[in-house]
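Student: Could you look at this predicted model? Sequence included:
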Amino acid sequence: MLADTDVGSIITAGQSGVQWGYRLLLVQLVLIPILYMVQELTVRLGIFTGRGHGELIKETFGRFWAWISVAGLAVATVGALLTELSGVAGVGELYGLPRLVTLPLAAGGLLLIVLTGSYRRVERVAIAVGLFEFAFFGVAWAAHPDLAVMVSQSVQIPVANHDYLYLVAANIGAVIMPWMVFYQQSAIADKKLRPEHFAAARLDTAIGAVVTQLVMAAVLIAAAATLALKGVKPNLTSVGDLSTALTPYLGVGFGRLVFGLGIIGAGLVAAIVSSLALAWGLGEVTGYKHSLEYHPLEARWFYGVYALAVAGVTLAVAIAPNLVSLNIGVQVMNALLLPVVLGFLIALAARALPPEHRLKGWYFWLVCAVAGATCVLGVFGGLTGAGLS
């Protein structure tokens, strides 16, 4: 769940605060139960079927639909990796380190973590790295937000404004991501969690949904309190832009340090998760060995896909340094993929689970209604903001 607040999400939250003050804060809070609802289904499917997401789609709906789903996953994963590694490189540039230094170090670290560890070890390292995201709570506190203004603006929702709707779509796509769905279900299956672990896994997911959205809210609050309410309207398209805009109000040393720690934590944990999601997803559809419990020589394709994704995007970011400007666009793309992602997820929860654990009754219709509304808002906001509707 910590991976859900990735570099693109942080920049999207910062841009939301700069452009609209606290008017998108309520969106962050409303997305908490929606995020939990979506990811809880992956827990349920992983525990009670023992199958990863791609494998279960193939078994239930056929190989063609499995490939459609994995194709969307591949697009989303590449977009995510571009933002994560661009963000990590941006932190290095804040301290005068060129990308030719930071990118190989980041890629080497990502490969080392996965190629030398079991699932349990990889999970522990990723959580430890992801905890650096808590630095953003320090940023929000140092910004000294006015609570009265925060409450007042948070309920001012300009629903007719296309730019506002575009950022709503970006925030939705920054929270509900295809690779998150694939990763959590595959991770549950790889850990071989059993029905007796269901309650603990749901609690874990619920806590994660709250924490990850509070991190997003903290970034938005910091940007709104220090920039929007002071009349500063920079266009935040990179980590450097965000840090440079905030440091006059937070202090150069403090601003760079906490943003550096937060971005590195967010970027690396999301890079691990999104790359593994792609390696798992392709393995589940093609049938190659796909588990972190295998030695790299036993599961060459699994580890090869992971390594190729990391190395390929690292090279792309090194060659084209302005890729980070795609951050918000990547999140909107995630929102546009939601009908496919959530459609498969709900269909599996209604058909592939044992009868006693299937979605049914009032909760089935609630999930359908919430997912439908989220998809409509994400797609409409994305297309409207892009000038396509």
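Tutor: All right, it came through fine.
Student: Next, residue 289: secondary structure please.
Tutor: Judged by DSSP: H, G, I helix; E, B strand; the rest coil, the three-state class of residue 289 is coil.
Student: So it is in contact with residue 301, correct?
Tutor: Yes. Contact status for residue 289 versus residue 301: in contact at 7.2 Å, counting by CB atoms under 8 Å. In short, each C-beta sits where N, CA and C put it, glycine included.
Student: Overlap in contacts, these two.
Tutor: With contacts taken as CB atoms under 8 Å, 6 or more residues apart in numbering, residue 289 and residue 301 have residue 283 as neighbours in common.
Student: Which one's more surrounded, those two?
Tutor: Summary of the neighbour comparison: residue 289 and residue 301, criterion other CB atoms under 10 Å, with residue 301 having more neighbours (16 against 13).
Student: which element is the closest residue in space to residue 144 that isn't next to it in sequence on?
Tutor: In space, residue 144 comes closest to residue 225 once its chain neighbours are excluded; the distance is 6.6 Å by CB to CB, 6 or more residues apart in numbering. Counting by DSSP states H and E, the element that carries residue 225 is helix 198-226.
Student: Determine the set of other helices and strands touching that helix.
Tutor: Secondary-structure packing of helix 198-226 (3 or more CB pairs under 8 Å, 6 or more residues apart in numbering; DSSP states H and E): helix 7-20, helix 25-49, helix 135-142, helix 147-154, helix 162-175, helix 239-250.
Student: Ok, which of those comes nearest residue 330?
Tutor: Residue 330 lies closest to helix 7-20 among the helices and strands packed on helix 198-226, at 5.3 Å (CB to CB).
Student: For residue 279, give me the pLDDT.
Tutor: Note on residue 279: pLDDT of 91.
Student: try residue 313
Tutor: In the predicted model, residue 313 carries a pLDDT score of 89.
Student: and what of residue 330?
Tutor: At residue 330, the pLDDT value in this model is 79.
Student: contacting residues around it?
Tutor: Counting by CB under 8 Å, 6+ apart, residue 330 touches 8, 79-80, 82-83, 173.
Student: Using TSV, lay out those residues together with distance to residue 21, neighbour count and pLDDT.
Tutor: Formatted as TSV, the entries for the contacts of residue 330 read as follows, by distance: CB to CB, whole Å; neighbours: other CB atoms under 10 Å; pLDDT from 0 to 100:
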residue	distance to residue 21	neighbour count	pLDDT
8	21	30	83
79	28	26	86
80	28	32	87
82	29	21	86
83	24	33	85
173	21	29	88
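Student: Now do the phi/psi pair for residue 360.
Tutor: When quoted as degrees, to the nearest 10, the phi and psi of residue 360 stand at phi -160, psi 170.
Student: which ones are touching it?
Tutor: Counting by CB under 8 Å, 6+ apart, residue 360 makes contact with residue 350.
Student: please redo it, this time with the cut-off set to 10 Å
Tutor: Contacts for residue 360 were tallied using CB atoms under 10 Å, 6 or more residues apart in numbering; they are 349-350, 353.
Student: Pull out the buried members of those residues.
Tutor: By neighbour count, with 16 or more other CB atoms under 10 Å, those hold 349, 353 as buried.
Student: taking the contacts of residue 360 one by one, which sit in helices?
Tutor: Of the positions in these, 349-350 sit in helices, assigned by DSSP state H.
Student: Break down the stretch 51-200 of the chain into its helices, ranges please.
Tutor: Taking DSSP state H, counting those that start in this stretch as the test, the helices found in the stretch 51-200 of the chain are 53-61, 63-94, 99-115, 119-130, 135-142, 147-154, 162-175, 178-191, 198-226.
Student: If I take the helix holding residue 225 and helix 147-154, what angle do their directions form?
Tutor: Relative orientation of helix 198-226 with respect to helix 147-154: 100 degrees, computed using axes from the mean of the first three to the mean of the last three CA atoms, to 10 degrees.
Student: got the buried residues for helix 198-226?
Tutor: Buried positions in helix 198-226, judged by neighbour count with 16+ other CB under 10 Å: 198, 201-202, 205-206, 208-226.
Student: I'd like to know how far residue 62 sits from residue 341.
Tutor: Relative to residue 341, residue 62 is positioned 18 Å away (CB to CB, to the nearest Å).
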